[in-house]
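Student: got a predicted model here, sequence first, then my questions.
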Amino acid sequence: MKLWARIENGRVAETFTWGENPQALFDPEWTWIEAPEGTRQGAKYDGSFANPDEPEEPSVPPAAETERRLFLTPAEFRNSFSAFEEVAIVDFAAGAEAETDPQTKTIRRVVGVFFDRLKDPHLSTVDLADPRNLAGLDLLVGAGILTAVRRETIAKGLPA
């Protein structure tokens, strides 16, 4: 099959794929020229084909990443969790006493320690770059309290 272009006023009005010149299939006034593969509607024709330039996508600069604070007060960190997440954390940790599986019991207790640490009056900041805090967030994901997306949102800190 060959690509044929119908020329009108020095431009490609349309293209048509056909084995031979399609002139007999259409209006006899139309002019069909065999065109190279890739010829598009709107291409110039003056003995050779020149496709129109691709329209440029408007260049939109990427949104500047908001600067984030990774050092939060304990209250700011605790407020990073929704009320439902906070209740889930408290309830999950409270289930440690009744838990019969030793490994799950330990995980529940660690979640409780992680969250209760925020009440320590000597704690002035929570460093979200500290691997221990990130591990605590990972533990909340593993316990099904946070989704991975929420974990990432919380770990990013607050706008500066």
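Tutor: Sure thing, it's come through.
Student: per-domain residue ranges of the chain.
Tutor: As given by automatic domain parsing, the domain ranges for the chain are 2-50, 68-159.
Student: what's the end-to-end length of the shortest one?
Tutor: What that stands for is domain 2-50. One end of domain 2-50 sits 18 Å from the other (C-alpha to C-alpha, to the nearest Å).
Student: could you give me the average pLDDT of that domain?
Tutor: Average pLDDT, domain 2-50: 88.
Student: likewise for stretch 125-133?
Tutor: Across stretch 125-133, the per-residue pLDDT values average to 95.
Student: over to stretch 89-102?
Tutor: 94.
Student: quick one: contacts of it?
Tutor: With contact meaning C-beta atoms under 8 Å, 6 or more residues apart in numbering, stretch 89-102 is reached by 81, 105, 108, 109, 111, 112, 115, 116, 140, 143, 145. Yep, even glycine has a C-beta here, placed from its N, CA and C like the rest.
Student: restricted to helices, list those.
Tutor: Members of those lying in helices (criterion: DSSP state H): 105, 108, 109, 111, 112, 115, 116, 140.
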